[in-house]
Each structure stands twice: as structure tokens, then as C-alpha cells.
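Asker: Could you work out the structure for the sequence below:
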Amino acid sequence: MSSDIRLRAGSSGAESKGQVESPVKEGKMNKEKRIIRMFVVVAVMVFLVWSPASSQTQKIMDLKVSHQPEFESFLTWQGIQEGLDQKYGFKMEMIYFDSGMPQIEALPAKQWVVGAIGAVPMTMAALRYQAYMVGMTHDDGFNNMVMVRPDSPILKVKGANPKFPQMYGTAESVKGKTILATTVSSGHYTLSSWLKQLGLKDSDVKILNMEQGQAVAAFESGKGDAVALWAPFSMSGYQKGWKKVANGPDCGAIIPLVIITSKEFGDKNPEVVARFMKFYFDQVTRQKKETVAQAPQYKKFLKDWCGIELADELVKMDIELHPMLDLKQNLAIFDASKGKSQAFGYMDLISDFFTANKRFTAEERKKVLATPFVTDKFLKLATKM
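Answerer: Okay, the predicted model is just below:
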């Protein structure tokens, strides 16, 4: 009896010393092994099917992505630095532009095929080239600012318009002033919105057109009475001691920063555009979790790719002023199932700005709004990847 107990305790199930498995039990175990192997094969196949770069492409594709020296560009840069672009089937190359108008002027020459751009030049791209607005990265109004020197008389009055109590300035203190700005841009839109809430128009001030880096240098040298800047250049302004008189929310301006693709590329390669968006919005999801923990990497991006050095507290402030929008939020903003989408409404307001400032004729405004340039078709494709 004790011998029998020892044999059973030492048995591992297949064959024990002094005990041979029956053919029936051995066959049952072989069947179990086959089932396990089958599950492993199925699991591997499922992983391959659902990995970002699978099924849509079996090779790495070159992708030229246009960006400006801004926070939303950091997410693409970060992905490239960490090799994440290749996991989505891309070898991405970031194409640098100082602002939106040079960016869209390079579109017909196919210098890039997808990118991020302000909603103001996006409207011009839709009018001239029928480009698609396929997503929104964030509301850029928080960091688009009109700034002045600390001794500016414009700072003497705050809340002259009771509907916008955070704005500084009055019609009298601003009229006739010289303001440095990048025209046909988000900064220009913020400036015009501020003037409008003070009862003024662009024609009531002198606007000097220059790129952001030039505007910072010129204003620092004493030129102009105010300057319109977006981040990280507005952060540079803070670093130099300049004061904000208004940003987008202060004067009621929502300024989308959007994802753009050319009509030709989007029509021919919808899955590629959607896969880029999947990559980008996965980066957004990560950023929303990590937030200011990404500050050291963002600081390196600012120095290496943008040529800008900021103090640590301003790097963190810049991150916090960019409430990024994920894929789910985009689907809601671009949803047109019950009429015009929220995204279309933003562009409607911006096209009105163009028309009021004689950048568009009424006919051109009507034409651009009639085109289906605001679309959620690429977003919907991205959700399936």
C-alpha cells in the first residue's frame, strides 16, 4: 500500500517511474497539446492583425509631415525619436515651417502630404487647394497672446468691455498703435479678436507682418507697441518680462490647431492618412497621462528642433497651456450626423474673420464653406485600426 502511494505521489501525469500511461490517456493529452498549440497560433495571428502597421502595409513607408516649432509638433518628434513611427509602418520626416502660409504654399509642390497647422491658414489651404481638415489637436487660443512691455499704457485699464473682463486696453489706448504680427495666422486672429472686443478693426492700428522669431527680436529691440505671439514664442515673451493683454479665451476666440492633408493624397491614400492619425492620437493619449512629466523631453525638442531655450517653469507652463484632444473627442467635434459639426462652426467664424479683413471676398467665403473640406472620414477609419 505504501508503494502504491509513493507511485501516485511521484506521478506527473504523463509517465511515472513504475507506471505507464494508458493509450487512451496519452491520446487525450496529445489532443490537449494540439489545442494549446492552436490557441497560441490564433493569439499570434490576432496580435499581427491588430498591430498598428499590420495588414495595411508590410513595409516601412516614407512620410513627410509638415510642422511648425510648436507643442503639437513635439508629439511627432517624440515618436520619431523613440522609433514609434516605424511601429505604425512609417519612416517619418518632419518638414519645418515658421508659420502656416509658407506651409500651405509648399503643398502643391508635394513637399509634404500631412501635417499640423493653424485653422486660419487651413481655411486658405481649403480655398486654394481643396485641402482636407481631418482632425484637431487642441484649442490654440490659450497660448496665442497679444503682449506688451511692462510699462505699456495699455495695461492701465482692464475689463473696459465688461463682457471680456480679463482683457486689457481701451479703444483710446490702442488705436493708432504699431503691432507686430504674423499675418493670416492664429496670432493675427487673436489680435483681430482683441481689437474687435475693444470696438476697433485692423485698419485702426498699424500691423507689421513678420515671422514669430523676427517679431520677438524686433519687439525686444524696441520696435512696435505690442506683439502677437503663439507658444513657444509667447513663453519667450514671458521670459523677457512682457505682459499678456489678451489671449484667445480672454477675447472669445477659439483657435483650432488642426491636422491637414492634401486632397490628392487623402483621396488616394485614405488608410495612410488614418494610420498617421492613429499614431498621432495614440501619442496624444500618452501625453494626456504623462503631462508635465514630459517636460525634460519637450525642453530638448524646443532646443534641438525649434532653436528655443526656456526656463523649466515656462516649459511646464507651455505644456499646461496645451489641452490636447484625443480621438474620441475629435469624433464628437467632427460629428455632422445632426447638422453642421462643431469643427465646421469654428471654420465658419474664421472665414468670417478673413472676409471682414478683406482676405476673402464674400464669394470666396461662400465657396470655401460649400466644399467638404471639414471631414471625419479619416477619423472614422482611424478608429478601426
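Asker: Under the pLDDT cut-off, which ranges of the stretch 1-150 of the chain? List them.
Answerer: 1-58 (pLDDT under 70).
Asker: 50 - rerun?
Answerer: For the stretch 1-150 of the chain, applying pLDDT under 50 flags the ranges 1-26, 28-29, 40-51, 53-58.
Asker: residue ranges for the strands of it, please.
Answerer: Listed in chain order, the strands found in the stretch 1-150 of the chain under DSSP state E, counting those that start in this stretch are 61-67, 90-96, 114-118, 132-139, 145-148.
Asker: could these go into JSON lines alongside mean neighbour count and distance to residue 295?
Answerer: Placement of C-beta: from N, CA and C, glycine included. Listed next are the strands of the stretch 1-150 of the chain as JSON lines, based on neighbours: other Cβ atoms under 10 Å; distance: least, Cβ to Cβ, whole Å:
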{"stretch": "strand 61-67", "mean neighbour count": "19", "distance to residue 295": "20"}
{"stretch": "strand 90-96", "mean neighbour count": "16", "distance to residue 295": "20"}
{"stretch": "strand 114-118", "mean neighbour count": "28", "distance to residue 295": "21"}
{"stretch": "strand 132-139", "mean neighbour count": "25", "distance to residue 295": "17"}
{"stretch": "strand 145-148", "mean neighbour count": "27", "distance to residue 295": "21"}
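Asker: Nearest to residue 324, out of these?
Answerer: Across the strands of the stretch 1-150 of the chain, residue 324 has its closest neighbour in strand 132-139 (5.0 Å, Cβ to Cβ).
Asker: mind checking how far the closest one is from the chain centre?
Answerer: Averaged C-alpha coordinates place strand 132-139 at 7 Å from its chain's average position (Cα atoms, centre = their mean, to the nearest Å).
Asker: what comes into contact with it?
Answerer: For strand 132-139, the external contacting residues (Cβ atoms under 8 Å, 6 or more residues apart in numbering) are 72, 116, 119, 122, 126, 248, 254-263, 266, 273, 277, 280-281, 284, 322-325, 330, 333-334, 343, 347, 373-375, 377-379.
Asker: Can you give me the distance of residue 232 to residue 302?
Answerer: Noted for residue 232: a distance of 6 Å to residue 302, by Cβ to Cβ, to the nearest Å.
Asker: Pick out whichever of the two has more residues nearby.
Answerer: residue 232 (27 against 23; other Cβ atoms under 10 Å).
Asker: just checking, that one touches residue 299?
Answerer: No: in terms of Cβ atoms under 8 Å, residue 232 does not count as a neighbour of residue 299; the distance is 10.2 Å.
Asker: the helices in the stretch 251-385 of the chain, which residues?
Answerer: Listed in chain order, the helices found in the stretch 251-385 of the chain under DSSP state H, counting those that start in this stretch are 263-268, 270-290, 295-301, 312-320, 327-333, 342-356, 362-370, 377-382.
Asker: Could I get the ones you listed in CSV, plus columns for distance to residue 217?
Answerer: As requested, those are exported to CSV (distance: least, Cβ to Cβ, whole Å):
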stretch, distance to residue 217
helix 263-268, 36
helix 270-290, 30
helix 295-301, 21
helix 312-320, 18
helix 327-333, 36
helix 342-356, 27
helix 362-370, 34
helix 377-382, 38
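Asker: Any idea which of those helices gets closest to residue 147?
Answerer: Closest among the helices of the stretch 251-385 of the chain, using Cβ to Cβ: helix 312-320, at 13.7 Å.
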